[in-house]
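*Asks:* This is a predicted model, with the sequence first.
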Amino acid sequence: MGTKFYFLMLTIGCLAAGCAQQAPKPPASAPVAEQKPVIMEPFRFHKMIEVSPGNDFDILSWGRGSTEAGSFEILHSDSADIKYTTTTGDLEGQIVDAYNSDMDMDGNPEILIQAKAKDTSNYAIIYAFEFTNDKANKLDFPKLTKSQAKGYRGFDNFYIKDGQFMREFPIYDGIGKDAKPTGAKRVLQYGLRNNEFTVKQLSKDSTDVKGTTVSQPVKKASSNNNNSASSKNSSSSSKKKKHKTEETTTTHKKKKKKHHHNDE
């Protein structure tokens, strides 16, 4: 009995092992996408910018409670000279991105922080600093002028191009909720000279679409006036030419008459 039971259990074990070997393998799981590191409260934003090996800037924003106000800080790590400095300031709105440039090409990096506010006249706020050695010099970023702000409704796109700080945004026609995009964009280029920003508009745009349409018939009317003036000038020229011809004929007759008198 014991021997039969032993062989029976051995057979069952072999069959189970064979089934396990022949069982299909489960499909390979898809690779898990890397998740961004979670920022712990009270911090809201973090970006690390490496200017050069050992010269790093960590830009952070923090604050509890309201999401439309808080503070920002720039942590500068100069591991080559073993220097670590912190620059802080009050923050309006939420940080969207941070940029590094050297617009005046003096070797001193500039850190620009872009924040988004709810101010309808200035949706974008830029906090700018130039770092010289271990000191941070605050730079006043210029607001849009009246002509630059015409048709502005936000949706700013900032980026660095050829060492300059670029800004572009769509142009709207209308006021408030009724404003509609015209399809045109305004492009501004910011530079730095003597620690002051310079602004240059690169795009040629028109926010007055109706004015452009009305100007076409005005050009046609002007063209007709020019044609009318040209006709008058041509008519006047013909009269002068005819008069000149008559004068020439009269002179010729006089000469001929005088010549006949001498023969007599």
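*Replies:* That came through, no problem.
*Asks:* how much space is there between D173 and Q148?
*Replies:* Distance, D173 to Q148, using C-beta to C-beta, to the nearest Å: 16 Å. Using the backbone N, CA and C atoms, a C-beta is placed for each residue, glycine as well.
*Asks:* Over to A98?
*Replies:* 23 Å.
*Asks:* Between the two, which has more neighbouring residues?
*Replies:* More crowded of A98 and Q148, by other C-beta atoms under 10 Å: A98, with 23 against 16.
*Asks:* Now do the SS call for that one.
*Replies:* strand (DSSP: H, G, I helix; E, B strand; the rest coil).
*Asks:* wait, isn't it in contact with P109?
*Replies:* No: taking C-beta atoms under 8 Å as the definition, A98 is not a contact partner of P109, at 11.8 Å.
*Asks:* If Y84 is in a bridge, with which residues?
*Replies:* With DSSP bridges as the criterion, Y84 is bridged to S77.
*Asks:* what mean pLDDT does stretch 175-187 have?
*Replies:* For stretch 175-187, mean pLDDT rounds to 90.
*Asks:* Run through this protein and note the low-pLDDT ranges.
*Replies:* By pLDDT under 70, the low-scoring segments of the chain are 1-30, 32-36, 205-264.
*Asks:* Just give me the longest strand of it.
*Replies:* Taking DSSP state E as the criterion, the chain has its longest strand at strand 180-193.
*Asks:* Other residues contacting that strand?
*Replies:* 103-104, 110, 130, 139, 141-142, 148, 151-152, 164-174, 197-203, 205-207, 209 (C-beta atoms under 8 Å, 6 or more residues apart in numbering).
*Asks:* Just the buried residues out of these, in PyMOL syntax.
*Replies:* Here is the PyMOL command that selects the buried residues among the contacts of strand 180-193 (16 or more other C-beta atoms under 10 Å):
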select buried, resi 103+104+110+130+139+141+148+151+152+165+166+167+168+169+170+171+172+173+197
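*Asks:* Phi first, then psi, for E68.
*Replies:* Note on E68: backbone dihedrals following degrees, to the nearest 10 are phi -100, psi 10.
*Asks:* burial count for the nearest residue to it once chain neighbours are set aside?
*Replies:* Nearest non-adjacent residue to E68, counting by C-beta to C-beta, 6 or more residues apart in numbering: G93, 6.1 Å away. Other residues within reach of G93, judged by other C-beta under 10 Å, total 19.
*Asks:* same deal with A115?
*Replies:* 21.
*Asks:* what bridges to it?
*Replies:* Assessed by DSSP bridges, A115 has beta-bridge partners I95, I125.
*Asks:* again, but for R167
*Replies:* With DSSP bridges as the criterion, R167 is bridged to F158, L188.
*Asks:* Distance of it relative to G154?
*Replies:* Remark: distance between R167 and G154 (C-beta to C-beta) = 12 Å.
*Asks:* Give the residues shared as contacts by those two.
*Replies:* By C-beta under 8 Å, 6+ apart, the residues touching both R167 and G154 are A124.
*Asks:* For the residue nearest to G89 when sequence neighbours are not counted, give me its contacts.
*Replies:* Nearest non-adjacent residue to G89, counting by C-beta to C-beta, 6+ apart: F72, 5.7 Å away. Residues counted as contacts of F72 (C-beta under 8 Å, 6+ apart) are I59, L60, S61, W62, T88, G89, L91, I95, I113, A115, Y127.
*Asks:* Please list only the buried members of these.
*Replies:* Buried among those (16+ other C-beta under 10 Å): I59, L60, S61, W62, L91, I95, I113, A115, Y127.
*Asks:* Run a quick check on the first one versus V96, I expect a contact.
*Replies:* No: using C-beta under 8 Å, I59 is not in contact with V96, being 11.3 Å away.
*Asks:* Nearest spatial neighbour of I74, chain-adjacent residues omitted?
*Replies:* T87 (4.3 Å).
*Asks:* which residues sit in contact with that neighbour?
*Replies:* T87 touches E73, I74, H76, F129, A136, counting by C-beta under 8 Å, 6+ apart.
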